[in-house]
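> No letters, just coordinates:
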């Protein structure tokens, strides 16, 4: 279940954002040189490796979605050994991953935040899941319920909360993921919240992706 942009127009990067789910290809023209196209990710129970970031005061550390009761820690993630975007591990399905090689919330462009819709509710031994196929909710389990105008806040390392307003909530089939539309450059600071959606197919995978887009707004005075 992978959607890719045409080979002559985009660099292919797939995000695995929930248990048994892979999201569409990511257009990273602003982040990754065209001469070094990343590879597709491999599903793994391994915990991601957080990357070191500079200017910690402007790094996003928490994501707040008041209408959903979400107050989640944000992990700065990069690319794994295969050249694919890292995602939070199944041990921490209530954390959000931020692609730290791209824009930060508050900077021009789409800041990419990924999270699990669900995750295996199992223990792992030597990297293998133990027990039956039980699931638990992830941090983005309910983002499909957001509506236009809903408030999202990105909290930075210096304590500032940058407010964003939801402008769209879309569900795309992964085989027809609109890469350029979701990840293309924009003139103002925006967010892209991404998780799995749609229905479970015969192979046990979500067949779509939920994409929430939000634009930064001015903080209220005082």
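Thanks, I have it. Note that the structure is a prediction, hence the values are computed from the model and not measured.
> the helices in the protein, which residues?
Under the criterion DSSP state H, the chain carries helices at the ranges 179-183.
> Would you state the strands of it in chain order?
Here the chain has its strands, by DSSP state E, at 60-65, 70-77, 96-99, 109-114, 118-120, 123-125, 128-130, 135-137, 151-156, 161-173, 189-200, 206-216.
> shaky segments in the protein?
Residues of the chain meeting the criterion pLDDT under 70: 1-46, 82-85, 122-134, 220-222.
> Beta-bridge partners for the spatially most central residue of it, please?
Residue closest to the average C-alpha location in the chain (CA atoms, centre = their mean): residue 114, at 1.5 Å. With beta bridges defined as DSSP bridges, residue 114 has these partners: residue 97, residue 194.
> Thought residue 100 was touching it, still the case?
No - contact status for residue 114 versus residue 100: not in contact, 11.9 Å apart, counting by CB atoms under 8 Å. The way it works is simple: take the backbone N, C-alpha and C, and place the C-beta from them, glycine included.
> can you pull the buried residues of stretch 160-173?
162, 164, 166, 169, 172 (16 or more other CB atoms under 10 Å).
> could you check the distance from the closest residue to residue 195 other than its chain neighbours over to residue 169?
Of all residues not flanking residue 195 in the chain, residue 140 sits nearest, at 3.7 Å (CB to CB, 6 or more residues apart in numbering). Distance, residue 140 to residue 169, by CB to CB, to the nearest Å: 12 Å.
> next one: residue 213
Taking CB to CB, one finds residue 213 at 8 Å from residue 169.
> Done for today, thanks.
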